[in-house]
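Student: Pasting a predicted model and its sequence here:
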Amino acid sequence: IRKYGEPSKYLLYGTAGFRDKHNLPLDYVFVRMGVLAYLRALSLAGKNVGAVITASHNLEVDNGIKLVDVDGGMLCQLWEPLAVELANCKVNDFVTVCNRILQEQNLVLDNSSSAFILIGRDTRPHSAGFHACMKNGVELMGGKCEDLGEVITPVLHFVVRDMNQSGYQCDPEHPFVATEWTGRYFSSLANGFHELRKTTTYNLEANNHIVVDASYGVGSITISDFYAHYTAQQRATDPFPQLSIDIRNAARTGKVNEDCGAEHAQKLQQPPLSIDAHKDLNKLMCSFDGDGDRIVFHAYIPDAAGQPKWVLLDGDKIASLVSILLHQELLASGLLEDSAQHKAFTCAVVQTAYANGASTQFIRALGMPIHMAKTGVKFLHHKAQEFDVGIYFEANGHGTVVFSDRFVQAVQDYVPQGTKDTERKDVAFARLRATMKLINPAVGDALSDMLYCMAALQVLEMDLLKWHQLYTDLPSKQVKVSVPDKSLVACSEDETTVIRPAAMQADLEAAMKSVTNGRCFVRPSGTEDVVRIYAEAATQEEASRLTLLTEEAIRRHLG
């Protein structure tokens, strides 16, 4: 540990794990997280955990590490403070901190455990070096590592979950083979995609083709591996033509996330590099982020004058498409009602306050309950798990669908009746079974979500334009306001209401009423001494006016 030096700066473990400039330096962080990952695996009595070396949607100069827990989800929140302490303590205090964690968690060092740390990484030029640092940390404790190679983050999450659910233990008779486990991921997606499309006779040729902006990241490698796997098991019974994937901005042909990717498209509202307004007119397109855990769709469609107009289909539009399909199949299956076999199952969409109000209105009109959660994937995921079927997507394209064990069992136990009276119900269960194979419930997955949306368009007999026109986003504006003390602002758990200062919320509500379809909220930044504002209204002019009124209220109450 001393060899890697003292911490360069105080780092916080957030939803994205640890992340900073790669030359901070960050070597010491990876070594220390190798130690922590081993301790976490030790606490789980032989279960495996994982780590992903990536900085996701950040530019190539950054890197970081996310730890993956036993269920394939994010690191247990109770261990986040331990990660922060271990990453930031002085070298002379490191052993003391480790011993205290061992004592508090009632752990005894045991090098005979079959558990190991599974490590995946993106294609940043410094990721391989950080992989070696992490491996050193694990082996320093007498632990073992296995390398999943260059994969999108969701593959690592899926494999950790899959290994632990199947009871896999690595030993000389059952050595770890990365391609066997990634193959299980590819098979699950390929089978789900095939089975879902097989439930409809509708075949719009355009829905079989997609252009993928891989953000110069690892997504292009995983997509190519999946495609080879998918075509190798293409069935003669598949009613659709060959899936066509046109990869742009592939790994190592440019700098990760530079002028492309999901973050670029969604935040800047601009098309990525390598997309041509005329050559790509009317094509379904999407953008992954640098580590493939989020996706947004986009397209050039003709405007009223026949000229190419670029449009974005963000996470809200993805949530809406997924909600249409799942809601109609849940209704047809009868699972939303009490029966002799089971109590009614619950289904809900989870959004944050940043979701566009038009999407919220659209999903509610479907009859789907909507629940709000605090901003951040871990809060959305946790809230979604309260339901038998929980759908969540942030506007930035990060999201998935989670299923309760009770729901999974009910769908798997259903036996098709094969009669005319049960024909629609049989189809509904077939679609739900296919959905559970195609969706990665552990984490947001750009590849899984891409395939599911493509299949959903066929099942719903919908084209790109119909999807785009489901609703029109309300104009919105986001700004941040510097304040003397951001801690003076406290919000409700879902961040939609100001609790302190007590009088501020009344001013915000008056401001919202002053414009058509007005909605706004404020929240203190987690990283800067600012208060963030989100405002939306019927027109961009009114959204801007609401933003100014909100800013005035902040200054009036905070100075």
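Tutor: Looks like it came in fine.
Student: Tell me where the stretch 151-300 of the chain has helices.
Tutor: Assigned by DSSP state H, counting those that start in this stretch, the stretch 151-300 of the chain shows helices spanning 153-166, 178-197, 219-232, 261-268.
Student: Would you mind measuring from residue 173 to residue 145?
Tutor: Distance of residue 173 to residue 145, given as C-beta to C-beta, to the nearest Å: 19 Å. For glycine as for every other residue, the C-beta is placed from the backbone atoms N, C-alpha and C.
Student: who's more crowded, these two?
Tutor: Ranked by neighbour count (other C-beta atoms under 10 Å), residue 173 and residue 145 place residue 145 first, with 20 against 6.
Student: Please name the bridge partners of that one.
Tutor: Residue 145 has these beta-bridge partners by DSSP bridges: residue 117.
Student: Surely it is in contact with residue 137?
Tutor: No: with contact defined as C-beta atoms under 8 Å, residue 145 does not reach residue 137; the gap is 9.3 Å.
Student: Which among the helices of the stretch 151-300 of the chain is found nearest to residue 368?
Tutor: Relative to residue 368, the nearest member of the helices of the stretch 151-300 of the chain by C-beta to C-beta is helix 178-197, separated by 19.8 Å.
Student: I'd like to know which elements the closest one is packed against.
Tutor: Secondary-structure packing of helix 178-197 (3 or more C-beta pairs under 8 Å, 6 or more residues apart in numbering; DSSP states H and E): strand 145-150, helix 153-166, helix 219-232, helix 423-438, helix 446-459.
Student: how about the shortest one: buried residues?
Tutor: So the one you mean is strand 145-150. Neighbour-count burial for strand 145-150 flags 145-146, 148-150 (criterion: 16 or more other C-beta atoms under 10 Å).
Student: do you know which of the helices of the stretch 151-300 of the chain lies nearest residue 207?
Tutor: With C-beta to C-beta, the closest approach to residue 207 among the helices of the stretch 151-300 of the chain belongs to helix 178-197: 9.2 Å.
Student: How far off centre is the closest one?
Tutor: 19 Å (C-alpha atoms, centre = their mean, to the nearest Å).
Student: Give me the contact list for that helix.
Tutor: By C-beta atoms under 8 Å, 6 or more residues apart in numbering, the residues outside helix 178-197 that reach it are 146-149, 151, 155, 158-159, 162-163, 225-226, 229-230, 233, 235, 238-240, 243, 430-431, 433-440, 447-448, 451-452, 454-456, 458-459.
Student: Kindly calculate the angle that that helix makes with helix 153-166.
Tutor: If you take axes from the mean of the first three to the mean of the last three C-alpha atoms, to 10 degrees, helix 178-197 sits at 100 degrees to helix 153-166.
Student: how about the nearest residue to residue 25, chain neighbours excluded?
Tutor: Nearest residue to residue 25, sequence neighbours excluded (C-beta to C-beta, 6 or more residues apart in numbering): residue 8, at 6.3 Å.
Student: Pull the number of nearby residues for the one you found.
Tutor: 15.
Student: any idea how far it is from residue 22?
Tutor: For residue 8, the distance to residue 22 - C-beta to C-beta - is 12 Å.
Student: same deal with residue 542?
Tutor: 44 Å.
Student: pLDDT wise, what is the spatially closest residue to residue 540 that is not a sequence neighbour at?
Tutor: Excluding the flanking residues, the one nearest residue 540 by C-beta to C-beta, 6+ apart is residue 475, at 4.0 Å. At residue 475, the pLDDT value in this model is 94.
Student: Could you tell me which residues make contact with residue 475?
Tutor: Contacts of residue 475 (C-beta under 8 Å, 6+ apart): 536-540, 542-543.
Student: Tell me how far the nearest residue to residue 457 once chain neighbours are set aside lies from residue 246.
Tutor: Nearest non-adjacent residue to residue 457, counting by C-beta to C-beta, 6+ apart: residue 207, 4.7 Å away. Computed as C-beta to C-beta, the residue 207 to residue 246 distance reads 14 Å.
Student: more crowded one of these two?
Tutor: Higher neighbour count among residue 207 and residue 246: residue 207, with 23 against 12, using other C-beta under 10 Å.
Student: if I pick that one, what's in contact with it?
Tutor: With C-beta under 8 Å, 6+ apart, residue 207 has these contacts: 284, 454, 457-458, 463.
Student: Repeat that for residue 161.
Tutor: Taking C-beta under 8 Å, 6+ apart, one finds 71-73, 442 in contact with residue 161.
Student: who touches the closest residue in space to it that isn't next to it in sequence in this structure?
Tutor: Nearest in space to residue 161, with sequence neighbours left out and distances taken as C-beta to C-beta, 6+ apart, is residue 72 at 2.7 Å. By C-beta under 8 Å, 6+ apart, the contact set of residue 72 is 157-162, 164, 442-443.
Student: which of these sit farthest apart?
Tutor: Farthest pair in the contacts of residue 72 (C-beta to C-beta) is 164 and 443. Separation: 14.6 Å.
Student: okay, the two: which has more neighbours?
Tutor: Using other C-beta under 10 Å as the criterion, residue 164 and residue 443 rank with residue 443 on top: 26 against 19.
Student: and the gap between the more buried one and residue 37?
Tutor: 17 Å.
Student: Just the closest of the contacts of residue 207 to residue 360, please.
Tutor: When those are compared for distance to residue 360 (C-beta to C-beta), residue 457 wins out at 22.2 Å.
Student: Now for that closest one, how many residues are close by?
Tutor: Residue 457 has 22 neighbours, counted by other C-beta under 10 Å.
Student: and it, what is it in contact with?
Tutor: Taking C-beta under 8 Å, 6+ apart, one finds 204, 207, 321, 463-464, 467 in contact with residue 457.
Student: swap the cut-off to 10 Å and go again
Tutor: Shown in contact with residue 457 (C-beta atoms under 10 Å, 6 or more residues apart in numbering): 202, 204, 206-208, 284, 321, 325, 463-464, 466-467.
Student: Which among the residues you listed count as buried?
Tutor: Among those, the ones that count as buried (16+ other C-beta under 10 Å) are 207-208, 284, 321, 325, 463-464, 467.
Student: Mind checking the pLDDT average for stretch 2-11?
Tutor: 93.
Student: so what's in contact with residue 145 and residue 137 at the same time?
Tutor: Common contact partners of residue 145 and residue 137 (C-beta under 10 Å, 6+ apart): 34, 37-38, 51, 117.
Student: if you average pLDDT over stretch 355-373, what comes out?
Tutor: Averaging pLDDT along stretch 355-373 gives 96.
Student: In that stretch, which residues are buried?
Tutor: 355-360, 362-363, 368, 370-373.
Student: Find the residue at the geometric middle of the chain.
Tutor: Centroid-nearest residue in the chain, with C-alpha atoms, centre = their mean: residue 444, separated by 2.6 Å.
Student: quick one: contacts for that residue?
Tutor: 153-154, 157, 289, 292-295, 315, 377, 380-381, 392-394, 396-400.
Student: State the distance from residue 59 to residue 9.
Tutor: Relative to residue 9, residue 59 is positioned 19 Å away (criterion: C-beta to C-beta).
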